[in-house]
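>>> task: produce atomic coordinates for the following.
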Amino acid sequence: MRIALFEPDIPQNTGAIVRVCACFGVPLDIIEPCGFTFVARELRRAALDYAPLAAVDRHESFAAFQAARGRSRLVLITTKARQHYSDFSFRCDDVLLFGREQAGVPQTVHAVADVRLRVPMRAAARSLNVAVTVGLVLAEALRQQGWPGGLV
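I've put the predicted structure just below:
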C-alpha cells in the first residue's frame, strides 16, 4: 500500500503526512509540482525527526507517477465520491491518492482513478484537513489488512 499526494500546496500538511507514513511504514509518493519548495522549513518542522523513517518518492508530473505506479489500483479519496471509505475493501497493493488542499485533483485524474471514495461528514462541512484524512483512510486500510509490517 502507498500514499500519493497530488501537487500538495501546504508544507505543514505534507510534513504531517510524511510523519504518518513513517509511523505506519507506508511509502509516500509526491506528485509535483508542489506549492512550496520541498525543503521548506515548515515541512521539516512538521515532519520532525520522522523524515529519515519515511520512504518518499517524488515524481515530476502525474504522467511520471502513472508510469512508476504500474498496475496497482488507484484509489482516489475525494469529496466528490459517493462511496464511503469504510464501506470499501482495500487491497495491500492499493495506491491511495489525495488531492491538493486548495483544489483537489483535475477531472483528468478523476477519470483514471479505479475507485473514488469519500470520508462521511456533515453536509455543511466542506472538507477535512488532508493530513487528517490520510490518517483516517490509511488506518482503516491497514486495519483491513491485519496491520501488516510489524505494526504494534
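
>>> and residue 57, that's in a strand?
Yes. Assessed with DSSP: H, G, I helix; E, B strand; the rest coil, residue 57 lies in a strand.

>>> got a pLDDT number for the closest residue to it other than its chain neighbours?
Spatial nearest neighbour of residue 57, excluding adjacent residues (Cβ to Cβ, 6 or more residues apart in numbering): residue 29 at 5.1 Å. From N, CA and C alone the C-beta is placed, and that goes for glycine too. You'll see residue 29 listed with a pLDDT of 96.

>>> for residue 29, which residues are in contact?
By Cβ atoms under 8 Å, 6 or more residues apart in numbering, the contact list for residue 29 reads 2-5, 56-59, 65, 68-69, 95.

>>> cutoff 10 Å now
Applying Cβ atoms under 10 Å, 6 or more residues apart in numbering to residue 29 gives the contacts 2-6, 21, 55-59, 65, 68-69, 95-97.

>>> now which of these would you call buried?
Neighbour-count burial (16 or more other Cβ atoms under 10 Å) applied to the contacts of residue 29 gives 2-6, 21, 56, 59, 65, 69, 95-97.

>>> could you say what helices and strands the helix or strand harbouring residue 63 packs with?
Applying DSSP states H and E as the criterion places residue 63 in helix 62-69. For helix 62-69, the elements it packs on are strand 2-6, strand 28-31, strand 56-59, strand 95-98, helix 107-112, judged by 3 or more Cβ pairs under 10 Å, 6 or more residues apart in numbering; DSSP states H and E.

>>> now do the helices in this structure.
Along the chain, the segments classed as helices by DSSP state H run 11-24, 41-47, 62-69, 107-112, 130-144.

>>> for the residue of the chain positioned farthest from its centre, which residues are in contact?
Distance from the centre of the chain peaks at residue 124, with 23.9 Å (Cα atoms, centre = their mean). Residues near residue 124 by Cβ under 10 Å, 6+ apart: none.
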